[in-house]
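Trainee: Can you look at this prediction? I've put the sequence above it.
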Amino acid sequence: MRLQRQAKEDPTIDLTSLIDVVFLLLIFFMVSTTFERESVLKIDLPSASEVESRDDTPEMLELVIDNEGRMFLNGERLLDSDARTVRAAMEGLAGEQRDLPLILRADRQTPHHFVVTVMDVAAQLGFINLSIATNRAESEAQ
């Protein structure tokens, strides 16, 4: 019995699936890559070179708001928590100096509108150095 030999076929590689995989990888890396984005807000970050001595501490305004909304500016109690009162007290202490640091210390139970009032008055007066004082969280302190 004579068997016929089958014609030898040339092997072929189907590149379609390989191209699909490469494109999927490309899309995955394009989507998952984070690009550096410029901030929408333009801020001028301070620079530090060395620690200054404590004797050169600049003058500052410290406004404390307790949990009942009473305000104290540099230790002096304000008559009330009205925006006009806060404005007059800040103008009286700061004069024309709007680059003085203003530190806002508010109790965690302070109603939100008192803090917003102080921040609004500071913005209207043109104070540029506003800091909100906080305590370190207990989980981080350990």
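Mentor: Yep, it's here.
Trainee: where do the helices sit along this protein?
Mentor: For the chain, the helices defined by DSSP state H cover 16-32, 83-94, 112-125, 138-141.
Trainee: Need those helices in TSV (columns: mean neighbour count and distance to residue 76).
Mentor: C-betas here are computed from N, CA, C, even on glycine. Formatted as TSV, the helices of the chain follow (neighbours: other CB atoms under 10 Å; distance: least, CB to CB, whole Å):
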stretch	mean neighbour count	distance to residue 76
helix 16-32	9	56
helix 83-94	16	8
helix 112-125	16	15
helix 138-141	6	32
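Trainee: Need those helices in a markdown table (columns: mean pLDDT).
Mentor: What follows is the helices of the chain, written out as a markdown table (pLDDT from 0 to 100):
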| stretch | mean pLDDT |
| --- | --- |
| helix 16-32 | 91 |
| helix 83-94 | 90 |
| helix 112-125 | 91 |
| helix 138-141 | 55 |
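Trainee: Quick check: which of the ones you listed is nearest to residue 4?
Mentor: helix 16-32 (33.1 Å; CB to CB).
Trainee: Run the chain-centre distance for the closest one.
Mentor: 36 Å (CA atoms, centre = their mean, to the nearest Å).
Trainee: could I get that helix in PDB with only the CA atoms?
Mentor: What follows is helix 16-32, C-alpha atoms only, in PDB (Å, rounded to 0.1, in the frame of the first residue of the first chain):
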ATOM      1  CA  THR A  16      -3.700  39.600  15.000                       C
ATOM      2  CA  SER A  17      -3.900  38.400  18.600                       C
ATOM      3  CA  LEU A  18      -0.400  39.600  19.300                       C
ATOM      4  CA  ILE A  19      -1.200  43.100  18.000                       C
ATOM      5  CA  ASP A  20      -4.400  43.100  20.100                       C
ATOM      6  CA  VAL A  21      -2.400  42.200  23.300                       C
ATOM      7  CA  VAL A  22       0.200  45.000  22.600                       C
ATOM      8  CA  PHE A  23      -2.500  47.600  22.100                       C
ATOM      9  CA  LEU A  24      -4.300  46.500  25.200                       C
ATOM     10  CA  LEU A  25      -1.000  46.900  27.200                       C
ATOM     11  CA  LEU A  26      -0.400  50.300  25.600                       C
ATOM     12  CA  ILE A  27      -3.900  51.500  26.600                       C
ATOM     13  CA  PHE A  28      -3.500  50.100  30.100                       C
ATOM     14  CA  PHE A  29      -0.200  51.900  30.700                       C
ATOM     15  CA  MET A  30      -1.600  55.200  29.200                       C
ATOM     16  CA  VAL A  31      -4.600  55.100  31.500                       C
ATOM     17  CA  SER A  32      -2.800  54.000  34.600                       C
END
